[in-house]
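This is the structure alone, sequence omitted:
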């Protein structure tokens with residue numbers, strides 16, 4: 001039961017936190033990835049994905065980065 005409550009609170013924290021945009025070459029301190037959210041779009045386009053993770057100090061961080069949508073891999 002405690003694990004479910006912890007997971008729910010991390011999810012709430014992640015959704016309420018503002019994502020820090022990734023900069024090329026940025027050093028990241030990722031101890032554990034909690035979740036990766038990628039917007040679902042019907043067109044092949046660049047979208048902003050969000051990664052929620054815990055750093056080595058145990059703090060939860062949210063990082064935004066650009067990637068191609070999943071529609072790009074589904075098209076010929």
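Everything's here; your move. If you're wondering where the values come from, they're calculated on a predicted model, not measured in any experiment.

switch to C-alpha atoms for all contacts and neighbour counts from now on
Will do.

dump the residue contacts of residue 42.
residue 71 (CA atoms under 8 Å, 6 or more residues apart in numbering).

List the contacts of residue 48.
38-39, 64-67.

ok, 6 Å please
65-66 (CA atoms under 6 Å, 6 or more residues apart in numbering).

got it, and the one 10 residues further on?
By CA under 6 Å, 6+ apart, the contact list for residue 58 is empty.

Return the per-residue confidence for it.
With respect to pLDDT, residue 58 has a value of 98.

Bridged to the residue most central in space within the chain, which residues?
With distances taken as CA atoms, centre = their mean, the chain has residue 51 as the residue nearest its mean C-alpha position (1.4 Å). Here residue 51 shows beta-bridge partners residue 36, residue 63, assigned using DSSP bridges.

measure it to residue 64 for me?
6 Å (CA to CA, to the nearest Å).

circling back: just confirm the residue nearest to the centre of the chain contacts residue 38, I think it does.
No - when contacts are counted by CA atoms under 6 Å, residue 51 is not listed as touching residue 38 (8.8 Å).

What is the least confident helix or strand in this structure?
Least confident helix or strand, the chain: helix 2-16 with a mean of 53, by mean pLDDT, DSSP states H and E.

got any ranges where this structure has weak pLDDT?
Residue ranges of the chain with pLDDT under 70: 1-16, 74-76.

try it again with 80
Applying pLDDT under 80 to the chain flags residues 1-17, 74-76.

End to end on stretch 55-62, go ahead and measure it.
Stretch 55-62: ends 10 Å apart by CA to CA.

same question, stretch 27-44
End-to-end for stretch 27-44, by CA to CA: 29 Å.

Report the buried residues of that stretch.
Buried residues in stretch 27-44, defined by neighbour count with 16 or more other CA atoms under 10 Å: 30, 34, 38.

And stretch 56-71, by the same measure?
Buried, per 16+ other CA under 10 Å, within stretch 56-71: 60-65, 69-70.

For residue 37, which non-adjacent residue is spatially closest?
residue 50 (5.2 Å; CA to CA, 6 or more residues apart in numbering).

what does residue 35 give?
Nearest residue to residue 35, sequence neighbours excluded (CA to CA, 6+ apart): residue 52, at 5.2 Å.
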